[in-house]
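**Student:** Turn this into a structure:
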Amino acid sequence: TTTGTTAFPELDSLPRGTNLWRGFLNWAGGLGIIVVAMIFLPVMKVGGMQFFKSEGFDTLGKILPRAFDIAGEMTAVYCGITALCTLCYLFLGMDGYDALVLAMSTCSTGGFAQYDASFGGFIGPLEYVASFFMILASIPFIRMVQMVRGTPGPMWRDVQIRAYLRWTFYAIAVIVLYRLIWLKADNPLDVIRETVFNVVSTFSGTGYASTDVTQWGHLSFAVLIVVGLIGGCTGSTSCSVKVFRYLVLFQAIKAQLRRMQSPHRVFPLKYDGRPLDHDVVDSVMAFFTLFMLSFGVLIVGLALTGLHPRTALTGAWTAIANIGPVWGPEISANGSIHEFPTSAKWLMILGMYIGRLELLSVFVLHVPIAGNFFVLILVSLLFIFVSLSLGLLISTVTQNQIAAMLVSGLVLLMPTTLMSGMIFPIDAMSVPLQAISSILPARWYIEIVRKVMIQGVNVVFVLKEIAILVLMAFVLIMISLKKFKIRLE
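**Tutor:** Numbering: from 1, shown residues only. So this is what the prediction gives:
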């Protein structure tokens with residue numbers, strides 16, 4: 001979910017491969033939410049996202065006519081930004097391991113760090129570089145695709161981007177002035193650097209920390225809570241409510257106030273010069289209502305587990321908005337929630353899940369199981385066994401844990417996500433891509449799930465797919481055993 005909250009008591013002692021995997025999970029989650037935000041949520045009309053249905057397809061219609069092309073272009077931009085961030089970190093003194101892990105969690109606005117001090121060990125110019133890439137990852141990726149295609153105009157004119165940058169500047173200015181004038185903080189340059197980094201980290205939902213922000217006073221704490229509930233732009237890796245919905249909310253409030261002054265006049269709602277349909281406004285209002293209701297329920301639920309009120313508030317805030325840091329007496333020195341009651345951890349997991357999937361898609365979308373549930377469970381166990389067999393094969397052909405993580409993540413995850421039929425129909429792919437998809441276990445598992453869950457077919461009609469998965473498991477196990485025997489010899 002790219003939240004960044006951890007339950008590990010100590011990060012410094014974790015194996016490098018584990019931390020690399022945590023960073024990759026952040027990175028994969030950020031990529032997934034870009035695709036979901038620009039392709040699926042507009043179709044599902046979640047939280048006003050139907051307004052961007054034309055943004056993803058009509059605006060780029062002549063250049064990127066299909067969803068697969070849009071996803072491919074955004075993925076290329078995402079990978080390019082991550083590579084550039086890694087190089088910048090390397091140039092400023094990070095080693096390769098730190099640069100790669102932090103670049104993946106920076107560009108995904110996930111915030112997983114491999115040290116207990118979070119980003120505190122890299123103070124200085126690196127904070128400004130990280131802030132730049134966190135902001136970059138918080139603006140719509142479709143705009144960056146347009147810029148790469150040679151049309152930068154839409155990015156500079158986008159009211160959502162301009163509002164996001166403007167509000168970020170306001171939050172930084174308020175906290176800097178408060179710390180310098182009211183709190184009498186020393187060294188203005190350090191105050192500006194710390195404030196820029198931590199405000200951008202919270203606003204974008206990344207969740208890094210380079211210092212203890214609880215020492216900045218009550219006003220600073222309140223500002224951070226507010227910006228965390230705003231989040232970045234729609235169509236980015238960022239989280240929370242999103243700037244777009246606040247702009248629509250402000251337009252609706254402004255129009256209502258005008259109607260109160262002039263009841264007989266008509267005040268059309270517009271966003272970026274385009275008219276807003278009533279269903280968009282109604283969807284945004286429903287999203288706000290459900291978001292605040294879920295936020296309140298989660299606060300009460302965490303408080304009932306025995307957490308301090310401050311901990312319950314910030315725990316619900318960080319979970320539902322997918323930010324990362326939690327503040328309170330139960331939090332360990334490295335920000336971990338490992339001392340939380342088990343029930344509180346499960347509530348936070350639920351909050352992260354609901355918040356990352358944009359609430360309405362969780363509460364509204366419901367796919368009944370038309371077929372045999374027992375068959376579905378058995379097939380799922382078979383797919384898990386095939387996946388474990390594939391993991392066993394990777395572990396026998398790679399030299400270390402880090403290499404295994406990279407192979408399983410970079411080589412397998414992307415083809416499985418894009419070419420298994422999970423997101424894009426296989427029939428719409430080219431013949432070579434269809435051939436590649438046929439060797440992916442996920443393709444056959446997804447076909448079985450669709451037939452059983454949606455069509456309600458009998459197990460007889462999915463025997464071919466089951467046989468393919470069984471054959472894959474047998475072949476993978478045999479190859480793994482042979483490789484393992486060779487390595488022992």
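
**Student:** Now do the host helix or strand of Ile479: which elements does it pack against?
**Tutor:** Under DSSP states H and E, the secondary-structure element containing Ile479 is helix 463-488. Other helices and strands packing on helix 463-488, by 3 or more C-beta pairs under 8 Å, 6 or more residues apart in numbering; DSSP states H and E, are helix 373-397, helix 441-450. Heads up, the C-betas are built off the backbone N, CA and C, glycines and all.

**Student:** mean pLDDT lowest for which of those?
**Tutor:** Out of these, helix 373-397 stands lowest, with a mean of 84 (criterion: mean pLDDT).

**Student:** quick one: that helix to helix 463-488, angle?
**Tutor:** Inter-element angle recorded for helix 373-397 and helix 463-488: 30 degrees (by axes from the mean of the first three to the mean of the last three C-alpha atoms, to 10 degrees).

**Student:** which residues touch helix 373-397?
**Tutor:** 369, 404, 407-408, 412, 441-442, 445, 448-449, 452-453, 459, 462, 466, 469-470, 472-473, 476-477, 479-480, 483-484, 487 (C-beta atoms under 8 Å, 6 or more residues apart in numbering).

**Student:** Narrow those to just the buried residues.
**Tutor:** Buried by 16 or more other C-beta atoms under 10 Å: 404, 407-408, 412, 441-442, 445, 448-449, 452-453, 459, 462, 466, 469, 472-473, 476-477, 480, out of the contacts of helix 373-397.

**Student:** in this structure, which spans are strands?
**Tutor:** 270-271, 274-275 (DSSP state E).

**Student:** Phi first, then psi, for the nearest residue to Leu269 once chain neighbours are set aside.
**Tutor:** Spatially, and ignoring its direct neighbours in sequence, Leu269 is nearest to Leu276 (4.1 Å; C-beta to C-beta, 6 or more residues apart in numbering). Dihedral angles of Leu276 (phi, psi; degrees, to the nearest 10) stand at phi -100, psi 120.

**Student:** show me where pLDDT drops low in the stretch 351-489 of the chain?
**Tutor:** Counting by pLDDT under 70, the stretch 351-489 of the chain shows low-confidence ranges at 358-368, 400-411, 413-414, 417, 423-424, 485-489.

**Student:** redo that, cut-off 80
**Tutor:** Low-confidence regions of the stretch 351-489 of the chain, defined here as pLDDT under 80, cover residues 356-371, 373, 395, 397-425, 427-430, 454, 483-489.

**Student:** With the stretch 51-200 of the chain instead?
**Tutor:** In the predicted model, the stretch 51-200 of the chain carries pLDDT under 80 at residues 51-72.

**Student:** let's go with 90 and repeat that
**Tutor:** In the predicted model, the stretch 51-200 of the chain carries pLDDT under 90 at residues 51-76, 97, 110-118, 120-121, 123, 140-158, 185-186.

**Student:** What ranges does it have for its helices?
**Tutor:** In the stretch 51-200 of the chain, helices defined by DSSP state H, counting those that start in this stretch lie at 53-57, 67-91, 96-107, 125-137, 141-148, 153-157, 159-177, 188-203, listed in chain order.

**Student:** Quick check: which of the ones you listed is buried the most?
**Tutor:** The highest mean neighbour count among the helices of the stretch 51-200 of the chain belongs to helix 96-107 (a mean of 24), with neighbours defined as mean count of other C-beta atoms under 10 Å.

**Student:** relative orientation of it and helix 188-203 in degrees?
**Tutor:** 60 degrees.

**Student:** which outside residues touch helix 96-107?
**Tutor:** Where contact means C-beta under 8 Å, 6+ apart, the residues beyond helix 96-107 that reach it are 4, 16, 19-20, 22-24, 26-27, 30, 78, 81-83, 85-87, 89-90, 94, 110-114, 119, 122, 130, 133-134, 136-137, 206, 208, 237.

**Student:** about what we covered before: and the helix holding Ile479, how far from the chain's centre?
**Tutor:** Relative to the chain's own centre, helix 463-488 is displaced by 34 Å; criterion: C-alpha atoms, centre = their mean, to the nearest Å.

**Student:** Same question for stretch 182-196.
**Tutor:** In terms of C-alpha atoms, centre = their mean, the centre of stretch 182-196 is found 30 Å from the chain centre.

**Student:** Enumerate every residue touching the closest residue to Val226 other than its chain neighbours.
**Tutor:** Counting by C-beta to C-beta, 6+ apart, Ala171 is the residue found nearest to Val226 once chain neighbours are left out, at 7.8 Å. Shown in contact with Ala171 (C-beta under 8 Å, 6+ apart): 199, 203, 223, 226-227.

**Student:** One more pass at 10 Å, please.
**Tutor:** Ala171 makes contact with 195-196, 199-200, 202-203, 220, 223-224, 226-227, 230 under the criterion C-beta atoms under 10 Å, 6 or more residues apart in numbering.

**Student:** want to try JSON lines for those, with distance to Thr289 as columns?
**Tutor:** Compiled in JSON lines, those are given as follows (distance: C-beta to C-beta, whole Å):
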{"residue": "Thr195", "distance to Thr289": "33"}
{"residue": "Val196", "distance to Thr289": "33"}
{"residue": "Val199", "distance to Thr289": "28"}
{"residue": "Val200", "distance to Thr289": "29"}
{"residue": "Thr202", "distance to Thr289": "24"}
{"residue": "Phe203", "distance to Thr289": "23"}
{"residue": "Ser220", "distance to Thr289": "29"}
{"residue": "Val223", "distance to Thr289": "24"}
{"residue": "Leu224", "distance to Thr289": "24"}
{"residue": "Val226", "distance to Thr289": "18"}
{"residue": "Val227", "distance to Thr289": "21"}
{"residue": "Ile230", "distance to Thr289": "17"}
